[in-house]
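*Asks:* show me how the following folds:
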Amino acid sequence: MRKLAVWVLSFTLLWPGIAACSQEPVIQKVPPRPANTLVMLPDGSTVHVELAKTNAEREFGLMERSSLPQGRGMLFIHDEPGNYSYWMYDCKIGLDIIWMDANHRIVEMSPDTPPCRGKAASCPSYGGHETSLYVLELPVGSIRMHHMAVGQMVNFNVGG
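*Replies:* I've put the predicted structure just below:
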C-alpha cells in the first residue's frame, strides 16, 4: 500500500511536466489588418493583401482560414532582414510563399506549400535559406499563374 501511495504521489507530481511536453503551442489569435494594401506582381497584376507587422500578427498569419481567393494574400513585414522560415501549422489551405529582400526582389519561393494538419512537431518549415525582409503568401498556383521567378521585383508601399 505504501508503494502505491509513493507511486501515485510521484505520478501526480510528474504529470504536469509530461502534459506540458505534449501540448500544442498557444498562438495568440490577432485580428488581421484589412486587405487595403495593394501589391503589384512582376507581371503587372495586383493583389490586395492584409499586413502582418507585429510578432503576434506574423505568428498567427493565415491560420484557420478555410479559403484565400485569387487576388488576395498576406504580406509579412519583418523588423529587420534575416533568414525567416515559415511553417504551415494549423493552416487549412495550401499557399504559395514568396520571400523578398529589402528592395522587394524575390529571393526565394515555395510554390504549392501544403497545409499541416498534424501536430505542431510534425509540421515542416519552408524557406529561410536567403536573407529577406518581406514574405508574401498567396493562393496556391499564384507563382505559376503569374510566372514569378527569383530575381523579379514586386512593387508595394507599406509606409514608414
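
*Asks:* please count neighbours and contacts with C-alpha atoms only from this point.
*Replies:* Will do.

*Asks:* low-confidence regions, the protein specifically.
*Replies:* Scanning the chain for pLDDT under 70 picks out 1-28, 31-34, 160.

*Asks:* could you point out the longest strand of it?
*Replies:* Selection of the longest strand in the chain by residue count, based on DSSP state E, yields strand 72-82.

*Asks:* strand partners of that strand, parallel vs antiparallel please.
*Replies:* Partners of strand 72-82 in the sheet, by DSSP bridges, are strand 46-52 (parallel), strand 132-139 (antiparallel).

*Asks:* quick one: residues in contact with the shortest one.
*Replies:* Here strand 46-52 makes contact (Cα atoms under 8 Å, 6 or more residues apart in numbering) with 32-41, 58, 61, 71-77.

*Asks:* circling back to that earlier point, nearest to residue 67, of the strands paired with strand 72-82?
*Replies:* Closest to residue 67 of the strands paired with strand 72-82, according to Cα to Cα: strand 132-139, at 8.4 Å.
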